[in-house]
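Peer 1: give the three-dimensional model of this entry:
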Amino acid sequence: MAPDDGKASGAILFLWSMLMRFSWTVLAVAGCLFAGPALAQGADETRPFRGPIEPDRPLARGYNDSAEALARVDDNPLIDWAYRVWCVTGYRSPEDAGTGQVVDMPVDPSRDYVSPNGFFHSEGAYRLMPSGGARFLDNAWYFGADGLGVIVVRTPSGLVLVDTMGRPEDFERVVLSEMPAAGLDPTDITHVFIGHYHWDHTGGVNRIREVSPDVQVIIGGPDARLIETARTALLDGEMPSDPLARKAVLARNERPETPEGAADLNALRLEAIPERFDVLVEADAGLETGVLIVPVAPDTDVTAVLNPGHTPGQMSVILPVEHRGEMHNLLVISGNDNPDEAAQYAMSMDYLRSVAAQRGADVLINTHGYQSAMFYHLRQLIEDPDGPNPFVMGTDGVDHFLGIFANCQRATFNRLQDGTWDAF
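Peer 2: Model prediction:
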């Protein structure tokens, strides 16, 4: 595939990136997935049901009601989406439809890729942001596409990035090459925070070191060790046996027929996996969570919060930013759900919620732009920079957003335990 084939390259990048939440087995046959029109006619009768199947038991209902109460306080579309998807419908691929389910379509794909019944239709999520990315604050941009992106924040001493997308060549094309159009110089990158270890968030790390050799790369300790496990296996010419570590390896659909082809594929995967990290964020003694304050410029600190759930070392960051001449604090989340770890995720969100409150976080964004249909609002701000900005939701709004997610995770845990929802 030619590097300048933007649409095709982007399509593959975001098809893969949205599949990271499913198993390696699914990834291996991803070229057969997302046959949308056929699925819309009904579900595969051989598959078990996915999603809500019975009314909630009292405890799950209580958590759902708590989340709903928080959602109704704010008239913010990002918050409303979080409650609707995480608490009401669940979130799943059309391929996960169960017996008797009809896969519905999004009401308006230009505004949201998740249907009313909670099916994520990723076909359009590869659509790239316009040249120069989406400036959503005075000194903060989103580069990438509707489904997956990178946050760039300008500080007094340079640029801070959160995440680096997947394939190195795509990161270079849709981020590094687009930054100058926004008046940003990639050689000014001083710090990179990796929100979690999945390959679709780490692929550009080695490229950044090429253009900015002194960059500091920060990641959660548990995720760094999973990446190192994967890298060690690749250096031995093998795929990692650990199923978690395999998710750190660039997913490609090729099946090499020769030893030379296998070696080439292995080399591509090594190119896309970080060679090293500079700073690890570790959990506090006896806990799964932790905080590290990282100075990125004089009088400018980033709060890195280890909040495992989507991955064992998932990390969120809080950065000082400016918006319309006033100072704010931006919370950047990287990732989505993980029903298998719903209980831990809920506790991690409680922890993040408390740190966000202490740090005065009043702006929120996710590096997965399809989350809360953020891509739509980013595009609206490109068209009208002075228009409504739902990302600036106030400290109460950020608190409500995180509280909704935490309570929805608790509801999920109890629903799966009760059997009123099937795994999704």
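Peer 1: for the rest of this, base every contact and every neighbour count on C-alpha atoms.
Peer 2: Noted.
Peer 1: give me phi/psi at residue 148?
Peer 2: phi -150, psi 140 (degrees, to the nearest 10).
Peer 1: hmm, it is touching residue 370, no?
Peer 2: Yes. Between residue 148 and residue 370 there is a contact at 7.4 Å, judged by Cα atoms under 8 Å.
Peer 1: between these two, what contacts are shared?
Peer 2: Residues touching both residue 148 and residue 370 by Cα atoms under 8 Å, 6 or more residues apart in numbering: residue 125.
Peer 1: the two: which is more packed in?
Peer 2: residue 148 (31 against 23; other Cα atoms under 10 Å).
Peer 1: what pairs with whichever strand or helix holds residue 319, and is each one parallel or antiparallel?
Peer 2: Here residue 319 sits within strand 315-323, counting by DSSP states H and E. Applying DSSP bridges, strand 315-323 is found paired with strand 300-306 (antiparallel), strand 326-333 (antiparallel).
Peer 1: turn those into a markdown table, columns for mean neighbour count, distance to residue 91 and mean pLDDT.
Peer 2: Shown next, in a markdown table, are those (neighbours: other Cα atoms under 10 Å; distance: least, Cα to Cα, whole Å; pLDDT from 0 to 100):
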| stretch | mean neighbour count | distance to residue 91 | mean pLDDT |
| --- | --- | --- | --- |
| strand 300-306 | 22 | 24 | 98 |
| strand 326-333 | 19 | 18 | 98 |
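Peer 1: any chance of CSV for those, columns distance to residue 402?
Peer 2: Listed next are the strands paired with strand 315-323 as CSV, based on distance: least, Cα to Cα, whole Å:
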stretch, distance to residue 402
strand 300-306, 14
strand 326-333, 10
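Peer 1: which one of the ones you listed lies nearest to residue 354?
Peer 2: strand 300-306 (10.7 Å; Cα to Cα).
Peer 1: can you list contacts of that closest one?
Peer 2: With contact meaning Cα under 8 Å, 6+ apart, strand 300-306 is reached by 155, 220, 281-283, 288-296, 313-320, 352, 355.
Peer 1: tell me which residues of stretch 181-188 come out buried.
Peer 2: Neighbour-count burial for stretch 181-188, counted by 16 or more other Cα atoms under 10 Å, picks out 184-188.
Peer 1: what does stretch 260-270 give?
Peer 2: Quick answer for stretch 260-270 (16+ other Cα under 10 Å): 262, 265-266, 268-270.
Peer 1: go on, stretch 345-354?
Peer 2: Neighbour-count burial for stretch 345-354 [16+ other Cα under 10 Å]: 345-353.
Peer 1: what comes into contact with the strand holding residue 319?
Peer 2: Strand 315-323 has contacts (Cα under 8 Å, 6+ apart) with 137-140, 153, 193-196, 219-220, 300-308, 327-334, 356, 359, 361.
Peer 1: try it again at 6 Å.
Peer 2: By Cα atoms under 6 Å, 6 or more residues apart in numbering, the list of residues contacting strand 315-323 from outside reads 137-138, 195, 220, 302-307, 327-333.
Peer 1: equivalent analysis for stretch 393-400, please.
Peer 2: The contact list for stretch 393-400 (Cα under 6 Å, 6+ apart) reads 70, 361-363.
Peer 1: neighbours of residue 165, just the number please.
Peer 2: 31.
Peer 1: once you drop chain neighbours, what's closest to it?
Peer 2: Distances taken as Cα to Cα, 6 or more residues apart in numbering place residue 201 nearest to residue 165, at 4.2 Å, with adjacent residues excluded.
Peer 1: among the strands paired with strand 315-323, which comes closest to residue 64?
Peer 2: Across those (criterion: Cα to Cα), the nearest stretch is strand 326-333, sitting at 22.0 Å.
Peer 1: restricting to C-alpha, output that closest one in PDB.
Peer 2: This file holds the C-alpha atoms of strand 326-333, laid out as PDB (Å, rounded to 0.1, in the frame of the first residue of the first chain):
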ATOM      1  CA  GLU A 326      -8.200  31.800  30.500                       C
ATOM      2  CA  MET A 327      -6.300  28.900  32.200                       C
ATOM      3  CA  HIS A 328      -7.900  25.500  32.500                       C
ATOM      4  CA  ASN A 329      -6.900  21.900  33.200                       C
ATOM      5  CA  LEU A 330      -7.300  19.300  30.500                       C
ATOM      6  CA  LEU A 331      -7.900  15.600  31.400                       C
ATOM      7  CA  VAL A 332      -6.900  13.300  28.600                       C
ATOM      8  CA  ILE A 333      -8.300   9.700  28.700                       C
END
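Peer 1: run the chain-centre distance for that strand.
Peer 2: Mean-position distance between strand 326-333 and its chain equals 17 Å (Cα atoms, centre = their mean, to the nearest Å).
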